[in-house]
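>>> missing the sequence, but the structure's below:
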Ligand SMILES: [Zn+2]
């Protein structure tokens, strides 16, 4: 007779086998930096797409800076050429699952497949061996967190949330950045405007944000280039309201530094 414990042990073993097949690597090229160095890692989730992604790539190229794109497997499958363009411009691709379903709705086995398939496609299209994982909506249970970390993935969240998906106007987003920015920060934005996300103002915001913070002495880096305690900081909180309760776009007063 199979006991509950044995069933559990078999399940854990199966999941470990599935996840261990995921190619990962650790980016040992992280440059050691002084904790007082001012750094911003821009991150763009849910893409690639053909509307916002090319615009974002253009701005990043204009200022010669690199960013991290937390891509979805299904979007890479739709737009393989755009995926390759992101990588060939020197940006980092990281894992945001295949289908952007909430992890709490999936079994551990399904989560493992979502992560593995996405990582394999990143590798197939770009040659990048990714080790960063950001769960959809930033939502992950303690047991899922442990399982994923055990397999060599680094969970990667953010500490500045522009809420660009809600249709926030540029001045509202710039005010959020101004309020939440630390010496070393990870900023959450999106490069795919599929329903219900509305990243109409993300590009416009970047046009102001990047030059202002460059002038103020910040370096723009990929997440892998941040010091470990910063890139692994997990200030987890549920920042996404359920769709029906999405707040109205915030219309803030432009802070003097952005005028
Ligand atoms: Zn997302």
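Alright, I've got the coordinates. The model shown is predicted, which means the values in this text are computed figures rather than measured ones. Numbers count the residues shown, from 1 in each chain.

>>> Quick one: the strands in the stretch 1-150 of the chain, in order.
39-45, 68-71, 92-95, 132-133 (DSSP state E, counting those that start in this stretch).

>>> of those, which approaches residue 209 most closely?
Smallest distance to residue 209 across these (C-beta to C-beta): 8.5 Å, for strand 39-45. Placement of C-beta: from N, CA and C, glycine included.

>>> For the stretch 101-250 of the chain, which segments count as helices?
In the stretch 101-250 of the chain, the helices defined using DSSP state H, counting those that start in this stretch lie at 108-126, 142-150, 170-180, 202-215, 228-231.

>>> Could you dump the ones you listed into TSV with mean pLDDT, distance to the ion and mean neighbour count added?
Shown next, in TSV, are those (pLDDT from 0 to 100; distance: least, C-beta to the ion, whole Å; neighbours: other C-beta atoms under 10 Å):
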stretch	mean pLDDT	distance to the ion	mean neighbour count
helix 108-126	96	12	20
helix 142-150	91	16	14
helix 170-180	95	17	20
helix 202-215	96	13	18
helix 228-231	56	18	15
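
>>> Now mean pLDDT and mean neighbour count too, for the strands of the stretch 1-150 of the chain, in JSON lines please.
Output for the strands of the stretch 1-150 of the chain, formatted as JSON lines (pLDDT from 0 to 100; neighbours: other C-beta atoms under 10 Å):
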{"stretch": "strand 39-45", "mean pLDDT": "96", "mean neighbour count": "25"}
{"stretch": "strand 68-71", "mean pLDDT": "97", "mean neighbour count": "28"}
{"stretch": "strand 92-95", "mean pLDDT": "97", "mean neighbour count": "26"}
{"stretch": "strand 132-133", "mean pLDDT": "96", "mean neighbour count": "24"}
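
>>> Let's have those in CSV, adding distance to the ion.
Shown next, in CSV, are these (distance: least, C-beta to the ion, whole Å):
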stretch, distance to the ion
strand 39-45, 4
strand 68-71, 7
strand 92-95, 11
strand 132-133, 12
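
>>> As TSV, these with distance to residue 54 would be great.
Listed next are those as TSV, based on distance: least, C-beta to C-beta, whole Å:
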stretch	distance to residue 54
strand 39-45	12
strand 68-71	13
strand 92-95	16
strand 132-133	23
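
>>> And the ones you listed: which comes nearest residue 226?
In terms of C-beta to C-beta, the element of these nearest to residue 226 is strand 39-45, at 5.5 Å.

>>> any idea how far the residue sitting nearest the centre point of the chain lies from residue 216?
Computing the C-alpha centroid of the chain and ranking residues by C-alpha atoms, centre = their mean puts residue 70 first, at 3.9 Å. Taking C-beta to C-beta, to the nearest Å as the measure, residue 70 falls 26 Å from residue 216.

>>> Sweet, I'm off.
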